[in-house]
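**Student:** Let's see this in three dimensions:
(2 chains)
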Amino acid sequence: MHFNLSEEQAMLQASTARFIDQQYPFEVRQNDVMLPEGFNQDTWAKFAELGWLSVPISEAGGGFGGNAADTMVLMEELGKGLVASPYIATVMLFGSLIDLGAPEALKQSLLEPLIAGQLQGAFAYQERQSRYNLADIKTAATRKGENYVLNGEKTLVMNGAAADQLVVAARTSGEQFDTTGISLFVIDANAPSIHKTPYRLMDGQRVANIRFDNLSVAASQLMGEEGNGYSLIKNVVNSTILALSAEALGIMNRLTETTQEYTKARKQFGAPISSFQVLQHRMVDMFMACEQTRSLLYRAVCSSETTDADRSLHALKYMIGRNGRMIGNEAIQLHGGMGITDELDVGHYVKRLMVINTLFGDADHHQQQLARISLPA
Amino acid sequence: MDISFSAEELEFRDQVRDFFKQAPVSEVTALIAQPDTYKEGTIRWQKHLFAQGWVAPTWPVEYGGAGWTPTQMHIFETERVAADAPDVLPFGLKMVGPVIYAYGNEQQKQRFLPRILAADDWWCQGYSEPGAGSDLASLKTRADLDGDHYVVNGSKTWTTGAHHADWIFCLVRTSNEGRPQQGISFLLIDMKSPGVTVRPIPTINGAHSLNEVFFDNVRVPAENRIGDENKGWTYAKSLLAHERTVIARVADSKRRLEKLRQHALKETEGGHVMAQDPIFRSRFSEIEAELMALEYTGLRVLAAQASGQGPGAESSLLKIKGTEVQQAIHELAIDLAGLYGGIINDSLTSGDIGHEFGDQARKDYMYGRAATIYGGSNEIQKNITAKHVLGL
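**Tutor:** Alright, predicted model coming up:
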């Protein structure tokens, strides 16, 4: 038994860290998020060159065929560097959905340009009322002869403004909260009956509300069996939660480290404030939170194909939220007035952590899911 | 023990309620909410209170104060929060004004106090420096006497509203002898003086309120010094000890918690309102209990003040607990907003996207992180409590 990285994983980790160290200082990141799409196409092209866009895509799909551990390694480094990119939306969500569920005729034509960095994708699942319930879907795909007609609105679609192609979760049958009756469709994001309202989140990313107005969708755009989309959604969302958790861990580690650096340099009352016992204890609390979270991440990665998978994932996402908040708050507090400034990177790391907490269920949500497993009604 | 108000106090309360009913609260609040009209709105509101004679309730009557009792002050603040009416800018009315009337000479009182009351001068506070935060006494901005002027060199930071200000009250170093506290003077500086530069400091809530202020050979008339040279620290400390009514924050927190409760009756998941969510309920009632306790701690402090006693030992926890409760409410609010707490006010607000309070929840949360840092960080407050209250 070991928790070592494979040679390939170690190389991936080193090359990602090197890229960020040499080509992606904080100022570059800040410039990138101010671009209209919230990321830099040139940076994305470099990702493609480095092979990062292929990591979780299967070999059959033309990808690297990486597993959860491979993705974890990449994402943790991206988190440390607070890299602003549509990796989660285009690769983890859209890419994986296409890889695992698109009709064969579509797969290659989408995955090849995606891996080459020439296609942006998005997964439209969230609705105004759904909060963290993935099955809460009112967007309707009504059968009309050989086609479907799509009506409804998706909110907060990550990468929704820049996406060329969308995977949309719509209801073909059943009631609003049923897990059966949900279907997935591949849709050209620039079709005429699609209305996008773009806006930004506090971590700098561009999202969009997307409204479908009697959009005609061919049967050939349906992914898998009609009404059976939920299990693929859960599958891909679970992998994405792992990826987001790894990114969050990278952020938490960076915040913990930078707080130690700051308090060692900051002198008040004739001493570095890192010498004050109260602050030392709190920095130890931050350190312990990071290590516990890392352990849960490894647990979730190692158990992703076992019966412990759900429990581990809930515990992990819960921990990311709870510990993430504690570390974010402490990092700001221990930086004093500096922590409130927009110029310092700390606040921006914290904001990304806050957004990650709201993706696919926050700490409270996953705590309840965990309780439901261990303490069934 | 008796927590009821007297007949006069109840009558006063009705008077105050009536005042707020008649006041242009929503217009002023709308002006204050926009960066471009914030200054105009703030001044307008203060002038409205000034016209009523209520702009400086705790000032002595001889200086234009309303001469209220602490209980009346408490009633006023409670009603103000209930009416969603804004607070006044504290720097003139609650900080430098009391220092001027307590320690200034007649000339200074006549020159500055009326203009503070009438909102004709906008003040900011020049205390913190890049190297002097919690350790304020180590401040370095110098004021060297040259004839009948001081020449001021240095910089101040975290200066709220300096970009609007007409005047700044500064703690400056006039001596390097003895302990640092013994070489500090209290100086009033005209922001239009040559050599004064203001640089904005944008903050994590996406707003601009803080600034850095640079002094480059700024000549300040010596008559702008309050009291004696090198006694500035004593005057400043008296200001810090000046009972800041934290009771307003309790009222404010109560109001926010109630708004949160109402939002929780509307936010749903899976067809159930979040007010029925077990974890939300647990977090909400935890805050509620702490706030109920804090309310009475505030009343205990108030009762001691009202009967002429000094604040008791429990007053030391007002800032610590008050800010912790504020932050707990912000956290619960942004969690209740869920994904909608992440939307920033780009060109569209969370309201435009279809969510009522996410935007405000985020701004409150982000700037609310400062509450445990400013006004003496909570760590410093605990040190003070340990030393001066517990005698450790």
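**Student:** where exactly do the helices run in the stretch 1-150 of chain A?
**Tutor:** In the stretch 1-150 of chain A, the helices defined using DSSP state H, counting those that start in this stretch lie at A:7-23, A:26-33, A:41-49, A:68-80, A:96-101, A:104-115.
**Student:** Among those, which comes closest to chain B?
**Tutor:** With C-beta to the nearest C-beta, the closest approach to chain B among those belongs to helix A:26-33: 10.9 Å. For the C-beta atoms, the positions are set from N, CA and C on the backbone; glycine is no exception.
**Student:** Which other helices and strands does the closest one contact?
**Tutor:** helix A:345-357 (3 or more C-beta pairs under 8 Å, 6 or more residues apart in numbering or on different chains; DSSP states H and E).
**Student:** any idea how far the closest residue to residue A:352 other than its chain neighbours is from residue B:152?
**Tutor:** By the measure of C-beta to C-beta, 6 or more residues apart in numbering or on different chains, the closest residue to residue A:352 outside its immediate chain neighbours is residue A:203, 4.2 Å from it. Using C-beta to C-beta, to the nearest Å, we find residue A:203 at a distance of 42 Å from residue B:152.
**Student:** Between those two, point out the one with more neighbours.
**Tutor:** residue B:152 (24 against 20; other C-beta atoms under 10 Å in any protein chain shown).
**Student:** Tell me which helix or strand that one sits in.
**Tutor:** Secondary structure from DSSP states H and E places residue B:152 in strand B:149-156.
**Student:** which helices and strands sit right next to the helix or strand following that strand?
**Tutor:** Tracing the chain past strand B:149-156, the next element assigned as helix or strand by DSSP H and E is strand B:167-173. Applying 3+ C-beta pairs under 8 Å, 6+ apart, one finds that strand B:167-173 contacts strand B:123-126, strand B:142-146, strand B:149-156, strand B:184-190, helix B:232-241.
**Student:** most neighbours per residue, which of the ones you listed?
**Tutor:** Ranked by average neighbour count under the criterion mean count of other C-beta atoms under 10 Å in any protein chain shown, those are headed by strand B:123-126 at a mean of 26.
**Student:** you'd agree residue A:324 is up against residue A:356?
**Tutor:** Yes - because the distance of 7.1 Å satisfies C-beta atoms under 8 Å, residue A:324 is recorded as touching residue A:356.
**Student:** shared neighbours of the two, anything?
**Tutor:** A:248, A:251 (C-beta atoms under 8 Å, 6 or more residues apart in numbering or on different chains).
**Student:** Just the strands from the chain, written as ranges.
**Tutor:** Looking at chain A here, since you left the chain open. Taking DSSP state E to define them, one finds strands in chain A at A:121-124, A:140-144, A:147-158, A:165-171, A:182-188, A:194-200, A:206-218, A:222-223, A:267-268, A:271-272.
**Student:** oops, chain B please
**Tutor:** Going by DSSP E, chain B shows strands at B:123-126, B:142-146, B:149-156, B:167-173, B:184-190, B:196-202, B:208-221, B:225-226, B:268-269, B:272-273.
**Student:** could you check the angle strand B:196-202 makes with the fourth one?
**Tutor:** Spelled out, it's strand B:167-173. Angle of strand B:167-173 versus strand B:196-202, following axes from the mean of the first three to the mean of the last three C-alpha atoms, to 10 degrees, is 100 degrees.
**Student:** May I see the buried residues of strand B:167-173?
**Tutor:** Across strand B:167-173, burial judged by 16 or more other C-beta atoms under 10 Å in any protein chain shown covers B:167-173.
**Student:** Would you tell me which one of those comes nearest to residue A:37?
**Tutor:** Nearest to residue A:37, judged by C-beta to C-beta, of these is residue B:168 at 42.8 Å.
**Student:** Let me know the pLDDT of the closest one.
**Tutor:** Looking at residue B:168, its pLDDT stands at 98.
**Student:** Next, the contact list for it, please.
**Tutor:** B:123-126, B:156, B:159, B:162, B:188-189, B:191, B:213.
**Student:** I'd like the distance between the residue nearest to residue A:13 when sequence neighbours are not counted and residue A:311.
**Tutor:** With C-beta to C-beta, 6+ apart as the criterion, residue A:13 has its nearest non-adjacent residue at 4.8 Å, and that residue is residue A:73. Separation of residue A:73 from residue A:311 (C-beta to C-beta) stands at 23 Å.
**Student:** Quick check on those two: which one has the bigger neighbour count.
**Tutor:** Per other C-beta under 10 Å, whichever of residue A:73 and residue A:311 has more neighbours is residue A:73, with 24 against 17.
**Student:** Check residue B:312 and give its pLDDT.
**Tutor:** At residue B:312, the predicted lDDT confidence score is 67.
**Student:** just residue A:40 next, same as before
**Tutor:** pLDDT for residue A:40: 97.
**Student:** who touches the nearest residue in space to it that is not next to it in sequence in this structure?
**Tutor:** Of all residues not flanking residue A:40 in the chain, residue A:32 sits nearest, at 4.3 Å (C-beta to C-beta, 6+ apart). Residues near residue A:32 by C-beta under 8 Å, 6+ apart: A:38-40, A:43, A:84.
**Student:** Which one of the residues you listed is nearest to chain B?
**Tutor:** Of all the contacts of residue A:32, chain B sits closest to residue A:38, with 10.6 Å by C-beta to the nearest C-beta.
**Student:** what's the nearest residue to residue A:153 once chain neighbours are set aside in contact with, if anything?
**Tutor:** Using C-beta to C-beta, 6+ apart and skipping residues adjacent in sequence, the residue nearest residue A:153 is residue A:211, 4.5 Å away. Going by C-beta under 8 Å, 6+ apart, residue A:211 touches A:152-154, A:194-197.
**Student:** Check residue B:325 too.
**Tutor:** Here residue B:325 is in contact with B:253, B:287, B:290-291, B:294 (criterion: C-beta under 8 Å, 6+ apart).
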